[in-house]
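Visitor: Got a predicted structure here, sequence first:
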Amino acid sequence: MSLPLPPLPPLPWADRRRVVLRNSLGVGIAVGTYGVSFGALATTSGLSVAQTCALSVLAFTGGSQFALVGVLAAGGSALSGTLTALLLGSRNTLYGLRLAPLLGAHGIRRAVAAQLVIDESTAMAIGQDDEESARLAFWSTGLAVFILWNIATAVGALGATALGDPKKLGLDAAVGAAFLGLLWPRLKGRVPWLTALVAAAVALALTPVLAAGVPVLVAGVVAVAVLFRSASSAEAGEIVEPDEPTPGSPA
Amino acid sequence: MIWAAVLATSVGCYLLKLAGLSVPARVLASARVRTAALLLPIALLAALTAVQTFGHGQSLALDARAAGLAFAVVALLLRAPFLAVVVGAAAVAAALRALG
């Protein structure tokens, strides 16, 4: 039994705009700071400052950037690093499908918008109540994260080159922690947890057998395939797309 | 070789984003495809976490990195911000190594 509540009057556009812009900047600042850790880890993993900054400008999707750097740092080949990064980046395709009708962008506008399709801009856009706010949230969050992520990457890259022996500083341990930090907000529900545990176990079991970098790729695909077959469609339906900003999951 | 990986990753990641905005929605409308695409990042990130922490070339090792990861778990449970998790894990591993 629920009493019919009178609908709340919508806020005037000027107020909604202020709220959206403030939230976007907040997400941008929070995510941008992760760029420092990416810059530092990338340069201590053997990338030059230029390569590190190029990744943040051109690839601009944190999970894939960390993946490429992590696989290379662990002695994996350029090919397995690239494939892991691309598999991780494939989720942005789904985000784009979700965003396309909201943004209604074509031509150059769509080409620019594509680069800003990341976890945070998607979450902020689809969390809005109306299309006007959604568009503003997408563009303002995407641009705020883009600018701050790239400044922070450069700061981290330049800072780390001045730091010295990465192992003495524990930076190799920081890479694992960074991946866990990216994973954490996605571990909601039984199927995601199972997927994570199976993938981790398969990757470790294959490490002595396969070339560095390959176990991660195989584990990723195997874990999804196994769970895909076993999970009933009802369970699969429990997995929801992120619909609110998850500050723990960078770009 | 690193430049090739950087550029291939960059071009590929951009095209994956652009494809989402460009192809008709029904191409990826299947619930099964969506589920797989949502689970894939989870599997890859979990595998990367495990290998980065316990992998040592082609062998496994239990060293200061595991203590760093344990710190990260506790910090995440306490809802610490990402940067604190990463820096703290490094500090724990560095401190253990300094102690020998």
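Guide: Nice, thanks for sending it over. If you're wondering where the values come from, they're calculated on a predicted model, not measured in any experiment.
Visitor: in the stretch 151-251 of chain A, what spans have low per-residue confidence?
Guide: A:230-251 (pLDDT under 70).
Visitor: Could I get the phi/psi values of B:Ser59?
Guide: With angles defined as degrees, to the nearest 10, B:Ser59 sits at phi -130, psi 170.
Visitor: Likewise for the one 3 residues further on?
Guide: When read as degrees, to the nearest 10, the backbone of B:Leu62 gives phi -110, psi 100.
Visitor: which residues does it contact?
Guide: Going by C-beta atoms under 8 Å, 6 or more residues apart in numbering or on different chains, B:Leu62 touches B:Phe54. All C-beta spots, glycine's among them, are computed from the backbone N, C-alpha and C.
Visitor: next one: A:Ser133
Guide: Contacts of A:Ser133 by C-beta under 8 Å, 6+ apart are A:16-17, A:20.
Visitor: Repeat the analysis, applying 6 Å as the threshold.
Guide: A:16, A:20 (C-beta atoms under 6 Å, 6 or more residues apart in numbering or on different chains).
Visitor: What segments of the stretch 151-251 of chain A are helices?
Guide: Taking DSSP state H, counting those that start in this stretch, the helices of the stretch 151-251 of chain A run over residues A:171-183, A:190-206, A:214-230, A:233-238.
Visitor: Which residue would be the closest one in the stretch 1-150 of chain A to chain B?
Guide: A:Gly96 (1.8 Å; C-beta to the nearest C-beta).
Visitor: so which helix or strand takes in that residue?
Guide: helix A:91-103 (DSSP states H and E).
Visitor: Show me which residues of that helix are buried.
Guide: Along helix A:91-103, these residues count as buried under the neighbour rule (16 or more other C-beta atoms under 10 Å in any protein chain shown): A:91-100, A:102-103.
Visitor: contacts for stretch A:208-218?
Guide: In contact with stretch A:208-218 (C-beta under 6 Å, 6+ apart) are residues A:71, A:74-77, A:80, A:83-84, A:203, A:206-207, B:47-48, B:51, B:58-59.
Visitor: Turn the buried ones among those into a named PyMOL selection, would you?
Guide: Listed next is the PyMOL selection for buried residues among the contacts of stretch A:208-218, using 16+ other C-beta under 10 Å:
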select buried, (chain A and resi 71+74+76+77+80+83+84+203+206+207) or (chain B and resi 47+48+51)
